[in-house]
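Chemist: sequence unknown, structure follows:
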């Protein structure tokens, strides 16, 4: 069960207080009428399912009722950062690549989350190793 | 009932049992005695009970093998009464108490005369892996019948048929460091962290904390290890920042250092929790622990060797023999043969001989063993046979001899002549496997270590394995590993630690020779023809079965596992998994690391449902929501219907002249007529209500609803339809303009919370610039719908609101007083009749409700429930979202074009999807009315509709019935349905073939069956 830092309440809370709402940063097209049927279908129905870094939206349903975003590793389930609606993630797939390089060079420092991320959880070597294994 | 006079295998002294006190217990109907400090298993062994179960598949006799959680055979059913039955209890983990009643879970009709015995003796050569699937495959329809008897013979324990008298608690805990396991590693880790000031929880699954220190031969500071153990436990108990949880199993590691602990609080006292100070104690607690760091000091399980007939009672783990002798004062036999691949197991032979019993021989697979324990055994005069192993056990219900031969481990062959040693006990040891279950729960894959001949855990950040779980076995190193793990864990959390070597107790140095890697022992015959060599005792998986699996092409260890059932069940492969992988590796001609390992899943050992459920049972299983008028409804004898968590009056049966209660159909017919002809009242308080305020509230409504809101004036009400962005209807309801920037939205009862979340979603994620606020006011307002031709007359003298039809029009709302309290009254109608929905603050509701009935005496005011509400709304063609719609229905499918504002300036939610090719399709299923040709027929809701009942099966299905009732007004059944292209098919006939062969015929009609012009609601 996840331990989630709500960026609005500024506290870690149990997963039971939250609802997952799927992939984050799905913007509704500004002018839907200008979308082709296919583009509108993509917006409605198609979502990423990455092995690795995933940005997803959650709701603090029985807390402050705020929607916010989480950067989560879908293999290790580690939450690398949480951030408010309207903010951009500081950890992305390119960050993971950098981290792997570090790991290859024998450094084992865990991920340091940038300011605003708050949730200082390290991406473990095991998680990185499993991603590398998948790519091998 | 036979009563054994003594306990033949109990030593006169030694162990931690209290011989001054006798406890009486019953196993399989026989009465025995044991002592405080015993487990059920040690007491059974003390009494010379060899046979504790029949095996799962072959029904072979089985005895106790181990002394802890890894026991595969002695799984018993516990409980003196029907209500206190507990299945799947390991006898090795159950403390003995006076009056304990247990029985074997396998073996039908009983364990001594097992009806399946012939299978074990005769049929077993014909039971390869997959036997049941292969044999009982056809006909498929009979599988359920076969399975019933297969399960009965297998006997997996049973749950009680009477309510559990006990209570169970859940507790939420937080700590800096959770240490799992209170052996030497766990104790030193906990002590180190405690000294640093960290909040520590130390849990241990056994009756007594101490782990291997409880039965070790080794000394600490030149004294028996028990001294240091007692001093350390006493020291830990002194710390306010330490919580000690004995009898507590960490059974699951979940994400983010969330570990569930099952604390058995009273299970050592009786089969139901005793009372204290007049209150029943909770039987167990499930601790839900969120830890900063976790140290897994879970130790290691000894691996048995795999040799022929290694399942006959009398075959034990070497370490278990030591544990029974040293901890419980029980020698589980008379004459021992020890088969080993390592020094450590020599303890068993030394302990056995010191207990005054005979050791026939130690059979060591190594050609030149050389450690201190080997020297001790030789000095004690024990015969040591090197380069050899026990290749086969002899005996039916108990070991009678061991066949021993020289073996070539690498070539997997027997190289010497077979010698038969008479004995009644064979102890074996193939080394140790770290207990990596919890580490595996994290998803981290274990890695093979040639140094320790076992898998060691990898761990996620913040989890550390220490001691045996880490593959560290010498006692001195275990203690140091625990200190290091504890220090590292709390240092990572920011605590300062000072680790001083002088803090550690002194361990006498001991030289241990290297072990050899032996798993399956070769036999003179090939594995497929040799007597059964068991790998997984609980699931009856043999080495031959694994070999067959590989021969049949199963190469992945995960597939081998599923094909043979190795590592399944409550055992989770504690004893057998590594041996099984080794056998598979041998058959596939590859190494164990190449073969890989399966992963362990929660739970480590079974957890009772009571512990999982905690207090979330009975009335607390799911909360019930009541309206403020609930007591009145109950007093009137209403029948209730569940709508989400709400209890809503369904109908109000009255007593007929004879004193009998009306049927539901009679009550509903009476209630319907009262509304259509007089006046009725409905408790509609459960409707969702959302208060919406802000300068942009009106703009927001226009974006979220399909229809227009710009011109709705204060004092007016409008019906609104809500779609997802896929264009499908998701909710409907009325929204009233309370003031220019203030609206009250109503939702369907079940959708109140989801709709509020939906509004927040769009506001917070897409349109944060809109200045608007949403508040749930569902529980704040009670709603009473007074409806029927007499409604106005009824209310006239009860309110200061002008009820004149011109002053207070249909779809207006007014503020004023009703029965002397502030009220909002809405002229909206869900029945098609003149209706006033009175909203008052919830705590005034009962007063107003009763005042209405006081006045209503003159009008025969009739309360009606949800069933009548459904009939009346369906007669008017008013939909229920979720009943007449199913997430694939657009507003146009419902014929509600009038509620779609295609020309609104903002591209509202759902608009774009309504012009996709699929939503424009001609032949979509559309909502229509159905009038059965036979008026006495009430169509089945969900019934499929066809155009041609003579079409060959399968008939093309063109729709289904969504709502169907009998209308007392029409004196006929009627229905709402969705039919392909239905809007263009008015007047056509459709057919509804039923399961019983009847075919109903119905006409497609409009959806408004009563008052299609809508005049009655305007009166």
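Modeler: Now that the structure is in, tell me what you want to look at. Predicted model only: the values in this text are computed from it and were never measured. Numbering: from 1, shown residues only, chains lettered A, B, ... in the order given.

Chemist: Please tell me I have it right and residue A:84 contacts residue A:7.
Modeler: Yes - if you go by C-beta atoms under 8 Å, residue A:84 and residue A:7 touch, sitting 4.9 Å apart. Where you see a C-beta, it was placed from the backbone N, CA and C, and this is true even at glycine.

Chemist: what touches both of those two?
Modeler: Applying C-beta atoms under 8 Å, 6 or more residues apart in numbering or on different chains, one finds that residue A:84 and residue A:7 are jointly contacted by residue A:68.

Chemist: Contact residues of the stretch 651-800 of chain B facing chain A?
Modeler: B:725, B:726, B:757, B:760, B:761, B:764, B:765, B:766, B:768 (C-beta under 8 Å from any C-beta of the partner chain).

Chemist: Can you read off the pLDDT for the residue in chain A positioned nearest to chain B?
Modeler: Residue nearest to chain B within chain A: residue A:32 (3.6 Å; C-beta to the nearest C-beta). We have a pLDDT of 95 for residue A:32.

Chemist: got it, and the one 10 residues further on?
Modeler: Confidence at residue A:42, expressed as pLDDT, is 94.

Chemist: and it, what element?
Modeler: helix A:37-45 (DSSP states H and E).

Chemist: Buried residues in that helix, which are they?
Modeler: A:40, A:43, A:44 (16 or more other C-beta atoms under 10 Å in any protein chain shown).

Chemist: Any part of the helix or strand just after it near chain B?
Modeler: On the C-terminal side of helix A:37-45, the nearest following helix or strand under DSSP H and E is strand A:53-59. Yes - residues of strand A:53-59 are located near chain B by C-beta under 8 Å from any C-beta, namely A:57, A:59.

Chemist: what angle do whatever helix or strand comes next after strand A:53-59 and strand A:53-59 make?
Modeler: Remark: after strand A:53-59, the chain's next helix or strand is strand A:67-73, criterion DSSP H and E. With axes from the mean of the first three to the mean of the last three C-alpha atoms, to 10 degrees defining the directions, strand A:67-73 sits at 150 degrees from strand A:53-59.

Chemist: Neighbouring strands - and their directions - for whatever helix or strand comes next after strand A:67-73?
Modeler: Per DSSP H and E, the first helix or strand lying C-terminal to strand A:67-73 is strand A:79-84. As defined by DSSP bridges, the strand partners of strand A:79-84 come to strand A:67-73 (antiparallel).

Chemist: wait, does the helix holding residue A:42 contact chain B?
Modeler: Yes - counting by C-beta under 8 Å from any C-beta, chain B has neighbours in helix A:37-45: A:37, A:40, A:41, A:43, A:44, A:45.

Chemist: Check the gap between the first one and residue B:910 for me.
Modeler: Distance, residue A:37 to residue B:910, by C-beta to C-beta, to the nearest Å: 15 Å.

Chemist: residues contacting residue B:632?
Modeler: So residue B:632 contacts B:846, B:849, B:850 (C-beta under 8 Å, 6+ apart).

Chemist: Need the residues that contact stretch B:1004-1015.
Modeler: Against stretch B:1004-1015 from outside (C-beta under 8 Å, 6+ apart): B:676, B:832, B:874-877, B:895, B:927-931, B:967, B:969-970, B:974, B:976, B:979, B:982, B:985-990, B:1017.

Chemist: what bits of the chain have low per-residue confidence?
Modeler: All of this is about chain A. A:93-136 (pLDDT under 70).

Chemist: that answer is for a different chain, and I need it for chain B
Modeler: Across chain B (using pLDDT under 70), the flagged ranges come out as B:1-5, B:106-156, B:500-502.

Chemist: Can you tell me which residues in it are near chain A?
Modeler: Taking C-beta under 8 Å from any C-beta as the contact definition, chain B meets chain A at B:254-258, B:290, B:443-445, B:458-461, B:725-726, B:757, B:760-761, B:764-766, B:768, B:907, B:911-913, B:916-917.
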